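**Student:** All I have is the shape, not the residue letters:
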């Protein structure tokens, strides 16, 4: 069966140890991301199995209608809103889910928190320009760290905060807040209080219909002038255009971002990249060697199982009927 793997920006997948799982199979790896549906469909016209790298390409009804040979989509990590599961079922395309790990995205989130609070990138840039001690950062100890979403990643962040002496404040679903209390952390009394009291806010929500643009400009305007917003989850959690406006208005005073509404970004004039009170990283949350081996090993195993007539981890088993 013809297998295509999409969006390998760094040409890294073929060098993984786990890639040996596909040895002897007909595999094509595409490094360039094609946003035009018709052009992408032409590239994939003979593809029977598609392997996705997380959410880099959206699988829509329009795309699926142009891929009559497609039988399986093997997802690295869990499926999300980038895959139209109903459309996949309609077109008899099975979707195999992978597994994930909270460790790499949790560590990156904490790195962004550290860099934002201590203003490390600005200090590094100053030295590169021949300047010495151009800014004064702060410490995490004693600050209130607001965590919106107390799942696996949120729980890791809370533990890191304990070590650094921060005060954890949790907002999210009722279940999340109850669990946070059981773990010894404070829950916010309201969303308004959460935004107003936190010195640092980090978002850890899944993107779905109920969380799309859940963070409003009015929420951001409640933040302290010296507060920091961290987003390593999904850009679409924040109301479109709201973050740029809020940063220009000085509430919050700073942001560190790993996710964007359109990816990848190659435009050096992209507005957020030009803002002095923003740190940007190129969606590195899960982009780490151990995570890649974990994610791809499972995705490749699901491909091999499917080829051998034993489909595993299928999210829409009715597509196999």
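**Tutor:** Yep, that arrived. For clarity, every value in this text was computed on a predicted model and none was experimentally measured. Residues are numbered from 1 along each chain as shown.
**Student:** separation between residue 16 and residue 289?
**Tutor:** Computed as C-beta to C-beta, to the nearest Å, the residue 16 to residue 289 distance reads 8 Å. Heads up, the C-betas are built off the backbone N, CA and C, glycines and all.
**Student:** Looking at the two now, which is surrounded by more residues?
**Tutor:** Shown here are residue 16 and residue 289; by other C-beta atoms under 10 Å, residue 16 has more neighbours (16 against 12).
**Student:** so what pLDDT did the residue nearest to residue 263 when sequence neighbours are not counted get?
**Tutor:** Counting by C-beta to C-beta, 6 or more residues apart in numbering, residue 263 lies nearest to residue 283, which is 5.9 Å off, once chain neighbours are set aside. If you check residue 283, the pLDDT there is 97.
**Student:** And the strands in the protein?
**Tutor:** Secondary structure of the chain (DSSP state E): strands at 2-5, 26-29, 49-52, 72-75, 94-96, 144-148, 167-171, 186-187, 200-203, 228-231, 254-257, 278-280.
**Student:** Determine which of those strands approaches residue 313 most closely.
**Tutor:** Residue 313 lies closest to strand 94-96 among the strands of the chain, at 5.0 Å (C-beta to C-beta).
**Student:** The residue nearest to residue 263 touches residue 262, doesn't it?
**Tutor:** No: using C-beta atoms under 8 Å as the test, residue 283 is too far from residue 262 to be in contact (11.3 Å).
**Student:** Need the residues touching each of those two.
**Tutor:** By C-beta atoms under 8 Å, 6 or more residues apart in numbering, residue 283 and residue 262 have no common neighbours.
**Student:** related to what we said a few turns ago, look up how far residue 80 lies from the residue nearest to residue 263.
**Tutor:** For residue 283, the distance to residue 80 (C-beta to C-beta) stands at 14 Å.
**Student:** And those two? Which one has more around it.
**Tutor:** A direct count of neighbours by other C-beta under 10 Å for residue 283 and residue 80 places residue 283 higher, at 21 against 13.
**Student:** Okay, that one and residue 244: tell me how far apart.
**Tutor:** The spacing between residue 283 and residue 244, counted by C-beta to C-beta, is 18 Å.
**Student:** residue ranges with poor pLDDT in the stretch 1-150 of the chain?
**Tutor:** Residues of the stretch 1-150 of the chain meeting the criterion pLDDT under 70: none.
**Student:** cutoff 90 now
**Tutor:** For the stretch 1-150 of the chain, the stretches flagged by pLDDT under 90 are 77-81, 100.
**Student:** what about the helices in it?
**Tutor:** In the stretch 1-150 of the chain, the helices defined using DSSP state H, counting those that start in this stretch lie at 37-43, 61-65, 85-90, 103-118, 120-128.
**Student:** what are the ranges of the helices in the stretch 201-321 of the chain?
**Tutor:** Using DSSP H, counting those that start in this stretch, helices in the stretch 201-321 of the chain cover 217-220, 242-249, 271-274, 289-307.
**Student:** Can you check which of those gets nearest to residue 163?
**Tutor:** Among those, the nearest to residue 163 by C-beta to C-beta is helix 289-307 (21.5 Å).
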